[in-house]
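*Asks:* my questions concern the predicted model and sequence given below.
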Amino acid sequence: MDVQRQDPHEIKKRTGIAAGLTALGVVYGDIGTSPLYAFKVAVTAAGGAPGAAAIGVASLIIWSLVVVVSIKYAILILRADNDGEGGVVAMLALLGARHAEPRTRQAALLILGLVGAALLYGDGVITPAISVLSAVEGLQVDAPMLAPAIVPITIVILIGLFVVQARGTGFIGRIFGPVMLVWFLAIALLGIAAVARHPAALHALNPTNAIGFLLHSPLGVSFAVLGAVFLAVTGGEAMYADMGHFGRFPIRLAWFTVALPALVLNYLGQAALIEMDPSAVANPFYGLAPGWAHYPLIAFATAATVIASQAIISGVFSLTQQAIQLGFLPRLDVRHTAADQEGQVYLPLANWLLAAGTLAAVLIFRSSEGLAGAYGIAVSGLMAISTFLAALVALRWGYNPLLVVLVNGAFFLLDMVFFAANGVKLVEGGWFPLVIAIVVAFLMLTWRSGVRLVEMSRAHQREDEEHFVQRLDGSVDCRTNGIGAFLSAATTGIPLALTQHIRHGRSLQKRVVLVSVVVVETPYVTTETRAETSRVCDNMDRVILSFGFMEDINIPDGLAASGLFDSGEFTEVSYYIGKETIIADADISGMAPWREEIFVSMQRNTAPTGNSFCIPSQQLVVVGTEVRI
């Protein structure tokens, strides 16, 4: 595999403006469409006269964007990169938590990180639902009789979005940035027009208005408003998750020069509109536009929300691929939809499970206000976990502990305030993404525990190298031409596929290679460090292939980097892979029997190992073994 093609970070950093434009669509699609619903929900949560609350709510939203997104994410969290990659899974790899043993500090980090990753799946279900639904709801402004059609129209759009995933998003991805640039310019102009008519809205830029609003409101109202205000910062976590695609500079450039100013102007405009006309609280975003522009704006907003939805869907695919590579999920069918772009992947199972969850959310909650109760709790929990893990990274990198505690501690307290504010919406709908996150985290932990038990069972059956070499000549009746590559999960001992092959066929190729794959805690591995070779005995070598967690595992390419073979010899290689039949045995101590059954079901539905390792099917030999756990 060509490392230069896989590691696009430096190229993208050299073209900061172009990458920043693309980042507008991929990174800021979610937060960029928040004005469709966030301000309306927050002012409604304040109760009383909407006009009296407009300035306070706008000030809270604006300063939340400054503190949470600008300072915490753009300036602080983006520093916690793993060789340029970001996201909870990359941070887990950076902390080495995937090597955790039970009941250790590392195991606690593993669980915490997996919960954070699982919360992103909950976010991935809610974001397309609330984004598209809030855009289509604009039809009610001029045509109230269309209200019954809003949910069906939303469902049709979402089904179409998930159907086209199989074709890849290369073309759509190229137009994401320009479309979102026009979107941000449009919402900024709408805001400027309203502020020009009512300049008093500019008082929302003073943070004392945000503080005063909270201090003078009843505690219940303050919490309800904070929970709604948080809707305006959801999507900010995409900065860190997508850092590896663009680099820090383009992400910061797009935020501070386009996204943040446009969002601030639009929220100021909505505040100005509601102060002038409190009845506009029913839909202040569309109220900013003149009547003739409503339908074009609805179409434009729908396109923007589809882009926002596409961004989170692609993010879920990327997260799932990382989780698979690091051993947190079973190997699923991963299809590359663009030969020249590593990030363009499609996972059919993940796509349709995400589609089912998103459509269920629309059918259950049926409006953006209803979904607002389900939105926020997953993202606020993810943000709190990211802040905590970033503090551990900073400590590991040698930053002053007192400074880390003060800075990250302050942001963590703020995250917990938002989490508590969203927690009051648990009954209203917050349970929905939490249930999804709990199920995903449980499956991840079950898979990790099951894989550990399987490897322990394999280790008991695996023969040591010295004993195998001593009895090899007596076990093999003939040596055949060709090369036998036997895959093993362990870097020592003899693969079970090899011992089974000799036991049943009593023959072996003249040249044998024992191949192990190790996924390391960095995103990419250079060709020079890809393969580590050692001699087991005459005509038998061991090759340990290292791959980064962002790379595809390609064993033929890895063996080519080992230098053991000439290019013409690869057609002579037969790849032997053990196919275990996992049996849950109640007499063997391990997981609870019902969890073992779940693991067995997951293992039986994994993608074929040959496909996962890019091995040509005509050169693949599968050797069956039985493993009890």
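*Replies:* Noted; the coordinates are in hand.

*Asks:* which intervals of the stretch 351-500 of the chain have sub-threshold pLDDT?
*Replies:* Under the criterion pLDDT under 70, no range of the stretch 351-500 of the chain is flagged.

*Asks:* got the residue ranges for the strands in it?
*Replies:* Taking DSSP state E, counting those that start in this stretch, the strands of the stretch 351-500 of the chain run over residues 478-488.

*Asks:* before we move on, what about the chain?
*Replies:* 335-336, 345-346, 478-488, 507-520, 531-537, 540-548, 573-583, 620-628 (DSSP state E).

*Asks:* and those strands: which comes nearest V405?
*Replies:* Checking the strands of the chain against V405 by CB to CB gives strand 507-520 as the closest, at 30.5 Å. (C-beta placed from N, C-alpha, C; glycine too.)

*Asks:* so where's the stretch 1-150 of the chain shaky on pLDDT?
*Replies:* 1-16, 96-107.

*Asks:* returning to what we had before: and the strands of the chain: which comes nearest L112?
*Replies:* Nearest of the strands of the chain to L112, taken as CB to CB: strand 507-520 at 20.6 Å.

*Asks:* I'd like the distance between the residue lying closest to F565 once chain neighbours are set aside and V623.
*Replies:* Excluding its sequence neighbours, the residue lying closest to F565 (CB to CB, 6 or more residues apart in numbering) is L559, at 6.5 Å. Per CB to CB, to the nearest Å, L559 is found 19 Å from V623.

*Asks:* between these two, which one's more packed in?
*Replies:* Between L559 and V623, L559 has the larger neighbour count (other CB atoms under 10 Å), namely 24 against 21.

*Asks:* show the contacting residues for the more buried one.
*Replies:* A485, V513, V515, A531, V543, L545, F565, F570, V573 (CB atoms under 8 Å, 6 or more residues apart in numbering).

*Asks:* what do you get for A80?
*Replies:* So A80 contacts G86, M91, L94, Y240, L389, A390, V393, A394 (CB under 8 Å, 6+ apart).

*Asks:* what are the phi and psi angles of it?
*Replies:* With angles defined as degrees, to the nearest 10, A80 sits at phi -90, psi 60.

*Asks:* spatially nearest residue to V26, not counting backbone neighbours?
*Replies:* According to CB to CB, 6+ apart, the nearest residue to V26 is A311 (5.2 Å).

*Asks:* before we move on, back to that, how near is the residue nearest to F565 to G484?
*Replies:* Taken as CB to CB, the span from L559 to G484 is 12 Å.

*Asks:* number of nearby residues for the nearest residue to T609 once chain neighbours are set aside?
*Replies:* In space, and not counting its chain neighbours, T609 is closest to I577: 5.0 Å by CB to CB, 6+ apart. Counted with other CB under 10 Å, residues neighbouring I577 total 22.

*Asks:* equivalent analysis for A282, please.
*Replies:* 12.

*Asks:* wait, F184 touches G32, no?
*Replies:* Yes: using CB atoms under 8 Å, F184 is in contact with G32, at 6.2 Å.

*Asks:* between the two, which one's more packed in?
*Replies:* G32 (27 against 23).

*Asks:* the more buried one contacts M180, correct?
*Replies:* Yes: using CB under 8 Å, G32 is in contact with M180, at 6.0 Å.

*Asks:* what touches both of these two?
*Replies:* Counting by CB under 8 Å, 6+ apart, the common neighbours of G32 and M180 are L24, A304.

*Asks:* first-to-last residue distance for stretch 548-556?
*Replies:* In stretch 548-556, first residue to last residue: 16 Å (CA to CA, to the nearest Å).

*Asks:* dump the contacts of L559 into a markdown table; add neighbour count and distance to K425 as well.
*Replies:* Shown next, in a markdown table, are the contacts of L559 (neighbours: other CB atoms under 10 Å; distance: CB to CB, whole Å):
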| residue | neighbour count | distance to K425 |
| --- | --- | --- |
| A485 | 25 | 55 |
| V513 | 23 | 57 |
| V515 | 23 | 51 |
| A531 | 20 | 52 |
| V543 | 23 | 53 |
| L545 | 24 | 48 |
| F565 | 17 | 60 |
| F570 | 16 | 58 |
| V573 | 20 | 57 |
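
*Asks:* now do the residue most central in space within the chain, the pLDDT please.
*Replies:* With distances taken as CA atoms, centre = their mean, the residue of the chain nearest its centroid is L319 (3.6 Å). For L319, the pLDDT comes out at 82.

*Asks:* closest to A384 among the contacts of L559?
*Replies:* L545 (37.2 Å).

*Asks:* please name the nearest non-neighbouring residue to the closest one.
*Replies:* Nearest to L545 is G558, by CB to CB, 6+ apart, at 3.8 Å.

*Asks:* the one you found and V517: what is the separation?
*Replies:* 8 Å.

*Asks:* what about those two, which has more around it?
*Replies:* Using other CB under 10 Å as the criterion, G558 and V517 rank with G558 on top: 23 against 18.
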